[in-house]
Each structure stands twice: as C-alpha cells, then as structure tokens.
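Colleague: Sequence first, then the predicted structure:
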Amino acid sequence: MTRREHPYIFCTWLTGLMAGDKHCVWAAWFRAHYKYEKRIDPNENTLSQWRAEHADLVQTRADELRHDGWAVQVEQQNKFAVRGRVATIGGVADIVATRPIEPMDDINDNATGRVEDCKTGVPKDSDYWQVILYLLLLPKVFPSLRARRLEGAVVYPVGTPDRAMGRERGNRQVSEVDAATAKDVAVGWIKRVGGDDEPDKSPSWSECRYCDIAECLARAEEPTADAATEDF
C-alpha cells in the first residue's frame, strides 16, 4: 500500500456512515489515506448483474427526462472532484439534467436543474445522503449549475416498496433546502474521514463481508456460535 499525497474521498465511502448504516469509520479513513491491495470480490457475478440493471435504469430515466425537454448528461459526463484543505472528495452522479434559462425566467420559482441517482436495490437512507452530497458539490465543479435552482432525486424502479417519505413514482425527492440544512453534517464527516487522526476499527460481519481492504487484520468472521439457556 502507498499513502496518498492528499486524502481522497469517494462520496459513497461517506454515505453509509452519514446514514448510520455503517459504523467502521476506519475503513473510510483508510481508503481516503491509502492506495491499497483489494480483496478478490466473491460477489463479482452479482455485481455484473447489478451493473446491467443499473445501466438500464439510468438510460430509461435519462430518456424520460429528454422526452420532457431536459438536456441530460449521464454518468462519466458528471464525474467530479472538489479539492479542499482536508481532502479531495469525488464522485460520479448518474444524471444531471438542465433546461435552458430564458431571459425572463425567475429561477427562484422554476427548477431548472436536476441531479438524480439511480438505485436498483432496497431503498436505504444512504441513497438520500448520496444525492445530498451531489447537490452540495456539483455546482462547485460545473458553472452551468450555479445559475440554476437545483432539485435532486433518488430514482428507484417503478414498483419498489415505499419505505421512505416523499416518494413519487418510486423516487425520493431531495431539495436544495435539504442539502443546505445537511451541509454541516457533510462537512463534519469529510473532516473526520479526511483528517490525520486514525480512528479505531469497528469490525462486524455485516460490514466486513463486503469490505475490500485486504490489509485489515481485524476482519470479523461469519458468526457461528450459538448457545442454549433455561432462562426463557
């Protein structure tokens, strides 16, 4: 492994922590500070299927927006990196869509930009936080977004069980107000993961089974122990 000259954080390394779905801050900190050997992923076939389903959902949603008159950029067109004093944070938004700004437009009343991320799995709060980060960061990289009021959404396939508030057509809406309110939380996590102080490891089977850091010696194994009691 080699230490990075400047910490780098990919957005999805933060979102599980921000949502409370993950608790091993060390794993995110290590990724931010080191380039490292990755474990062989035993779920590669499942990932291949996920990639195909995800690509189909992104294309379907992009076509819907184009049909409604939006100019749409997808995936690698939306790759970004924002360098701060503590760390550089990067990501790839699935969809960025804009409408032309007319001379008489009041951008305070008209949503003229959309940032969307497509998810094919079970809805999670980390999906919401991913769009929050995009709404905060993308305007810093793409000047065309700075003159627009942005809206965001997590896009799920139609028919996905409704487990989150504010869902329309399977989508979870995220506003600029949501992003502004969450800014301090996001900045706090960036400073914590990008900072110099190495946090303690928090191994658990639910997280370790998917962790790709080969160097970690604290990896939790699948629990096999059980016991019997007469107390109940």
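Modeller: That came through fine.
Colleague: Following element in sequence after the helix or strand bottoming out on mean pLDDT in the chain, please.
Modeller: Taking mean pLDDT, DSSP states H and E as the measure, the helices and strands of the chain show their lowest mean at strand 167-168, namely a mean of 47. Once the chain leaves strand 167-168, the next helix or strand it forms, by DSSP states H and E, is strand 171-175.
Colleague: Quick one: low-confidence residue ranges for the protein.
Modeller: 41-45, 101-111, 159-170, 225 (pLDDT under 70).
Colleague: Strands of that one, start to end?
Modeller: 2-3, 8-10, 34-35, 71-74, 79-83, 88-92, 95-98, 113-118, 150-155, 167-168, 171-175 (DSSP state E).
Colleague: Name the nearest residue to residue 83, ignoring sequence neighbours.
Modeller: Distances taken as C-beta to C-beta, 6 or more residues apart in numbering put residue 6 closest to residue 83, at 7.4 Å, once the chain neighbours are dropped. (C-beta placed from N, C-alpha, C; glycine too.)
Colleague: isn't the one you found right next to residue 85, touching?
Modeller: No: with contact defined as C-beta atoms under 8 Å, residue 6 does not count as touching residue 85 (9.7 Å).
Colleague: Show me which of those two is the more surrounded one.
Modeller: Comparing residue 6 with residue 85 by other C-beta atoms under 10 Å, the one with more neighbours is residue 6, at 13 against 7.
Colleague: what separates the more buried one from residue 198, distance-wise?
Modeller: Distance of residue 6 to residue 198, given as C-beta to C-beta, to the nearest Å: 16 Å.
Colleague: Kindly report the same for residue 178.
Modeller: In this view, residue 178 and residue 198 are 32 Å apart by C-beta to C-beta.
Colleague: List the buried residues of stretch 73-90.
Modeller: Within stretch 73-90, the residues scored as buried using 16 or more other C-beta atoms under 10 Å are 73, 74, 75, 78, 80, 82, 86, 87, 88, 89, 90.
Colleague: Correct me if wrong: the third one contacts residue 57.
Modeller: No: using C-beta under 8 Å, residue 75 is not in contact with residue 57, being 11.8 Å away.
Colleague: Off-centre distance for stretch 173-180?
Modeller: 15 Å (C-alpha atoms, centre = their mean, to the nearest Å).
Colleague: now swap in stretch 68-79 and tell me
Modeller: 17 Å.
Colleague: just stretch 18-34 next, same as before
Modeller: Put simply, stretch 18-34 sits 13 Å off its chain's centre (C-alpha atoms, centre = their mean).
Colleague: For it, which outside residues touch it?
Modeller: By C-beta atoms under 8 Å, 6 or more residues apart in numbering, the residues outside stretch 18-34 that reach it are 1-4, 7-10, 13-14, 16-17, 36, 87, 124-126, 128-129, 185-186, 189, 192-195, 198-204, 207-208, 211, 213, 215-216.
Colleague: What's the ChimeraX syntax to select whichever of these are buried?
Modeller: A single ChimeraX command selects the buried members of the contacts of stretch 18-34 (16+ other C-beta under 10 Å):
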select :7,8,9,10,13,14,16,17,36,87,124,125,126,128,129,186,189,192,193,194,201,203,207,208,211,213,216
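Colleague: what comes up buried for the longest helix belonging to the chain?
Modeller: In the chain, with assignment by DSSP state H, the single longest helix is helix 44-67. Buried residues in helix 44-67, counted by 16+ other C-beta under 10 Å: 54, 57, 58, 61, 62, 65.
Colleague: ok, now which ones touch the first one?
Modeller: In this structure, residue 54 makes contact with 118, 119, 120, judged by C-beta under 8 Å, 6+ apart.
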